[in-house]
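[1] sequence and predicted model, in that order:
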Amino acid sequence: MDKEKSFKLFSLPRLNSSQVSAVKPQAIAGDGGFFQGFNKFADDDFNLPFTMKSLPHPNKNKSSDLLPQKVKHLPVIEEENVESMAQLYSKLYNEAEKIKRWKLSVESEMKQKEKKIQENKKTIDAQRKAIQELQFENEKLSLKLEDEMHENKDLLNENNATRHLCDLLKETCARSEEKTNMYEVEREETRQLYVELNNNIEKMIMAFEELRVQAENSRMDMYFKFKEESEKKQKLDNEFKTHLNIKEKQVLLLKHQNEEKDNELINIKHQLHEAMHKINDLEKIKEQQNKMLRETDEKLEELMVQFQRTKDSLQKSEESSLMVQKDLEQQVIQEKSQNRTLMKEIEMKDFNHGNFKGTIQGLVDEKDHLEKTVKILQENEKELQDIIQIREKKIRELEIQATTAVAEHEENLYKQLVKLKEERDKEMLKYEEFIVDYNRVLLAKEQMAKDVDNAFTEVKILQNSLKARNIENEISKKEKQLKTLENKFNILKKQIENKNRSIEDLQQENKTFKKKISSDSKQCSAQEAEVIQLKAKLENIRLQSEKSNNSYQKEIKERSFTEEKLREEAERMKVIADEAQKMQKETDIRCQHKIAEMVALMEKHKHQYDKMVEEKDAELGLHKTKEQETISTKVSLEIELCCLKKELMALKEQFEKVEEKEMLARVAKEKKEVKHKSLVSEEDMFKKLYKELPEAAPLFMTSSKKVPSSVSKSPGTALKLATVKKMRESGWTAVANVDRKKKNKAAEKLFT
């Protein structure tokens with residue numbers, strides 16, 4: 001009984017699974033005999049998460065007589081076991097507290113990570129919303145671009161219309177040039193006609209002078225002949241009477257012809273007065289047209305005033321657009337936080353912006369082209385106005401020349417008529433002198449007849465008185481007288497024949513004069529016809545001038561209308577170009593602001609990402625160290641488990657041997673009861689420990705499961721790091737693209 005030593009077993013406090021869920025790896029020192037009760041429950045899949053560096057490794061070359069030595073040294077072992085169990089309990093308590101602390105730290109980290117995940121989800125949702133809004137904005141921009149494309153098509157159609165109008169103007173200019181050439185040709189022809197008419201008139205004047213000289217010479221010859229032959233015309237009374245009647249009839253006809261010519265001259269003068277009235281009416285119409293042109297100039301000035309008003313309204317609209325721009329800039333400032341995912345879209349916008357710049361440059365070129373065309377049209381209009389003024393001057397000169405020519409022609413005709421009247425008066429005087437001479441001849445003839453009658457009466461008287469006296473002498477005398485009278489009669493006959501011949505010559509001369517007068521009348525009628533033709537030509541020229549003036553006025557109106565349209569189009573193009581330039585400037589400013597903001601945000605994000613990367617690198621280093629520790633603990637635990645399994649197998653063999661020896665040693669139960677009680681107590685203690693230890697086993701399992709949580713979460717961190725790297729690369733590529741674009745713009749400015 002002295003050998004028996006009473007000892008108390010300290011039972012481990014049972015830990016709930018809610019208190020401890022994971023076990024941090026910790027070095028444990030203890031005896032290897034503590035694990036002798038795990039021989040029935042040791043498996044290959046049971047992995048402890050902690051190392052046991054202080055455990056003594058069992059010797060493999062133990063002898064088979066280990067049990068008798070233990071039996072001998074049982075009291076010493078029991079004391080050592082009690083001390084080791086107390087140390088183990090204290091160590092386990094410390095480890096449990098460490099595990100609790102580690103659990104709390106892990107839970108706090110998990111909560112922080114969950115908060116970060118929620119924040120990331122919120123940022124992702126906000127970015128999705130921003131992406132949707134940007135998609136809507138892109139659709140709006142695409143619609144705007146389509147509208148601008150339609151507007152460009154409309155502008156191209158308007159440019160084609162203006163080109164067509166320019167072609168029409170060119171055709172009209174060519175037609176006007178052809179008309180001017182025709183007018184010049186007609187003017188030259190009229191000049192030639194005037195020259196020919198002047199030559200004909202000079203020839204007629206020369207012919208009239210020659211005829212006048214011939215008439216005067218013939219009149220003088222006839223006057224002398226009449227004086228010489230006045231005595232020979234006594235016997236030709238009847239013939240002269242007949243001739244006088246004929247001549248009187250001819251004179252009456254000539255008087256009628258002269259009266260008709262006078263009436264024709266009066267009609268010509270009346271027509272000339274009517275033509276002068278028409279010319280005055282045309283001048284009044286020209287004055288009215290000039291008034292209309294002045295009114296059109298006033299209308300143009302009013303249109304310029306309206307244009308200035310529209311300019312003022314455009315300036316007001318520009319101010320309102322600036323206010324809208326300020327509001328948009330405020331909205332842009334509010335949307336700064338959402339510009340992380342806008343770099344690719346900004347690149348697309350830059351590309352569209354480049355295309356828009358190209359379209360704007362095309363519009364500017366078209367605007368310049370239209371301005372040039374407008375200038376050209378204005379110059380053409382000025383040239384046409386100058387041409388119209390020159391043609392009006394030419395028409396006035398032609399009218400003046402025509403009036404002067406008509407006046408000269410009328411003066412020449414009037415002079416010719418005066419000369420003809422004078423010649424007619426002279427011929428009438430000559431005719432009256434001829435009649436006087438003829439009367440004288442008749443009187444002389446009557447006196448001769450009276451003398452003959454007196455002679456016959458005297459002869460009768462002498463015959464009656466001197467019938468008886470010397471009838472023969474008287475008869476002879478009378479015969480002589482008769483002979484003399486016969487001779488005289490023959491002489492008179494000869495004289496009468498000569499006078500008849502002279503009268504025939506005069507008649508022939510009168511016929512020639514009549515022919516000349518008829519030819520002169522024909523020439524006068526021809527000249528009158530020429531005058532009528534000239535008047536008709538003048539009327540045609542006036543009508544053509546009126547038509548040309550009307551056509552020119554219509555062309556001027558059409559060109560003024562087309563010029564107004566072109567000016568309106570040019571103003572529209574200027575407004576569109578100004579708006580496009582303003583939009584370009586606004587877009588440039590916005591892009592520059594956005595780029596600057598994006599660069600600042602990228603720099604901020606870069607610093608933040610650098611910090612995050614450093615933190616994540618530190619966390620990764622910690623995780624890697626933890627993983628290495630866990631791997632090292634796993635390896636050490638596996639090695640230790642293998643050793644423990646081997647030891648347990650050895651203990652099983654030893655236990656079987658001990659049982660065999662116990663069967664042999666049952667005979668000596670009485671002597672060794674104390675020893676048997678101690679062995680039973682040891683077995684009960686091991687069983688109790690085994691019953692308590694399985695409750696703690698789930699703790700080890702949970703710890704083994706919870707420890708690699710950081711490892712399981714390592715792919716998420718790796719993905720985050722990959723996204724961070726991608727964002728950094730995309731940001732730096734965007735910044736590099738912006739720098740390249742700035743350099744390209746600077747180079748273009750240098751070259752331009």
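    Received it, and whenever you're ready, just let me know what you need. Numbers count the residues shown, from 1 in each chain.
[2] would you mark the buried spots in stretch 281-288?
    282, 286 (16 or more other C-beta atoms under 10 Å). Where you see a C-beta, it was placed from the backbone N, CA and C, and this is true even at glycine.
[3] and it, average pLDDT?
    The predicted model assigns stretch 281-288 a mean pLDDT of 75.
[4] likewise for stretch 265-275?
    74.
[5] for that stretch, list the C-alpha coordinates in CSV.
    C-alpha atoms of stretch 265-275 as CSV (Å, rounded to 0.1, in the frame of the first residue of the first chain):
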residue,chain,number,x,y,z
LEU,A,265,-42.8,116.4,-147.4
ILE,A,266,-45.4,117.6,-144.9
ASN,A,267,-46.2,113.9,-144.0
ILE,A,268,-42.5,113.2,-143.7
LYS,A,269,-42.2,116.2,-141.3
HIS,A,270,-45.2,115.0,-139.4
GLN,A,271,-43.7,111.5,-139.1
LEU,A,272,-40.4,113.0,-138.0
HIS,A,273,-42.3,114.9,-135.3
GLU,A,274,-44.0,111.7,-134.2
ALA,A,275,-40.6,109.9,-134.2
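[6] residue 450: which element?
    helix 343-465 (DSSP states H and E).
[7] which element follows that helix toward the C-terminus?
    Sequence order places helix 471-664 as the next helix or strand after helix 343-465, per DSSP H and E.
[8] now for that following helix, which elements pack on it?
    When contacts are defined as 3 or more C-beta pairs under 8 Å, 6 or more residues apart in numbering; DSSP states H and E, helix 471-664 packs onto helix 66-72, helix 74-229, helix 237-334, helix 343-465, helix 709-712, helix 714-751.
[9] that helix to helix 237-334, inter-axis angle?
    In terms of direction (axes from the mean of the first three to the mean of the last three C-alpha atoms, to 10 degrees), helix 471-664 departs from helix 237-334 by 10 degrees.
[10] okay, the angle between helix 471-664 and helix 74-229?
    Using the same axes, to 10 degrees: helix 471-664 against helix 74-229 is 180 degrees.
[11] give me the mean pLDDT for helix 471-664.
    Per-residue scores along helix 471-664 average to 73.
[12] measure residue 550 to residue 563 for me?
    From residue 550 across to residue 563, the span is 19 Å (C-beta to C-beta, to the nearest Å).
[13] out of these two, which sits in the busier spot?
    Each of residue 550 and residue 563 has its neighbours counted (other C-beta atoms under 10 Å); residue 563 has more, 20 against 12.
[14] how many neighbours does residue 544 have?
    By the criterion of other C-beta under 10 Å, residue 544 has 17 neighbours.
[15] typed the wrong thing, it's residue 570
    Residues contacting residue 570 under the criterion other C-beta under 10 Å number 18.
[16] then the one 3 residues further on?
    Other residues within reach of residue 573, judged by other C-beta under 10 Å, total 24.
[17] could you check how far it is from residue 140?
    25 Å.
[18] repeat for residue 212
    From residue 212 to residue 140 the distance is 104 Å (C-beta to C-beta).
[19] and the two? Which one has more around it.
    Neighbours per residue, other C-beta under 10 Å: of residue 212 and residue 140, the larger number sits with residue 212, 14 against 10.
[20] contact partners for the more buried one?
    Listed by C-beta atoms under 8 Å, 6 or more residues apart in numbering, the contact set of residue 212 reads 419, 423.
[21] redo that, cut-off 10 Å
    419, 422-423, 426 (C-beta atoms under 10 Å, 6 or more residues apart in numbering).
[22] what's the spacing between residue 525 and residue 532?
    From residue 525 to residue 532 the distance is 10 Å (C-beta to C-beta).
[23] picking up where we left off before, weakest of the helices and strands packed on helix 471-664 by average pLDDT?
    Taking the mean pLDDT of the helices and strands packed on helix 471-664, helix 709-712 comes last: a mean of 40.
[24] follow-up on the earlier one: for the contacts of residue 212, pick the one with the most neighbours.
    residue 423 (17 neighbours).
[25] thought it was touching residue 213?
    No: assessed by C-beta atoms under 10 Å, residue 423 is found out of contact with residue 213, at 11.7 Å.
[26] just to check, residue 207 is in contact with residue 419?
    No: counting by C-beta under 10 Å, residue 207 stays clear of residue 419, with 11.9 Å between them.
[27] ok, how many other residues are close to residue 495?
    Residue 495, neighbours per other C-beta under 10 Å, totals 20.
[28] and residue 596, by the same measure?
    11.
[29] could you check how far it is from residue 590?
    11 Å.
[30] what's the local residue count around residue 528?
    Residue 528, neighbours per other C-beta under 10 Å, totals 17.
[31] wait, it sits on residue 265?
    Yes: if you go by C-beta under 10 Å, residue 528 and residue 265 touch, sitting 9.1 Å apart.
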